[in-house]
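Undergrad: Need coordinates for the below:
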Amino acid sequence: MSRKQNGKKQVYRAVARRRIQYLFSLAETCGLEGNFSLANRYVQLARRISMKYLVPIPKEYSPRFCKYCYAYQLPPETCRVRIHRGMIISYCTHCQKHTRRPLHRNPSMTSEL
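TA: Residues are numbered from 1 along each chain as shown. Purely as a prediction, here's the structure:
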């Protein structure tokens, strides 16, 4: 692969990252207004862009949608959030599935510089 094509790929990926961030901000505003169908559509578009350009969805946005039905999750409206035994458990109201995330990071995993 030539350098020119590799440079184009990096530019496309940078644009894709910005679009994903913008779509998640739009999903958040629509979710707060109560338009959850439009918020779900924005999440779907962000995932499609992520898969097309091989750009991972940033970690700050990954807990904002359901991993099973890809619906936007706004805690009091579309999901329930509970803390149980050091885990954050979020229940989706659309598909009735739950996801678990650790509440605290493991201190032994972090490295000191």
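
Undergrad: Kindly give the local confidence score, pLDDT, for residue 98.
TA: pLDDT, residue 98: 95.

Undergrad: That one against residue 84, yeah?
TA: No - between residue 98 and residue 84 there is no contact under CB atoms under 8 Å: 10.4 Å. Placement of C-beta: from N, CA and C, glycine included.

Undergrad: now the helices for this protein?
TA: Assigned by DSSP state H, the helices in the chain fall at 3-33, 36-52, 75-78.

Undergrad: Find the nearest non-adjacent residue to residue 82, please.
TA: Distances taken as CB to CB, 6 or more residues apart in numbering place residue 89 nearest to residue 82, at 4.8 Å, with adjacent residues excluded.

Undergrad: Tell me how many other residues surround that neighbour.
TA: Using other CB atoms under 10 Å, residue 89 is surrounded by 15 other residues.

Undergrad: Pairing partners for it in the sheet, please.
TA: residue 82, residue 100 (DSSP bridges).

Undergrad: While we're on residue 108, how confident is the model there?
TA: On the pLDDT scale, residue 108 gets 63.

Undergrad: try residue 6
TA: 76.

Undergrad: who's in contact with residue 30?
TA: Counting by CB atoms under 8 Å, 6 or more residues apart in numbering, residue 30 makes contact with 36, 38, 39, 42, 72.
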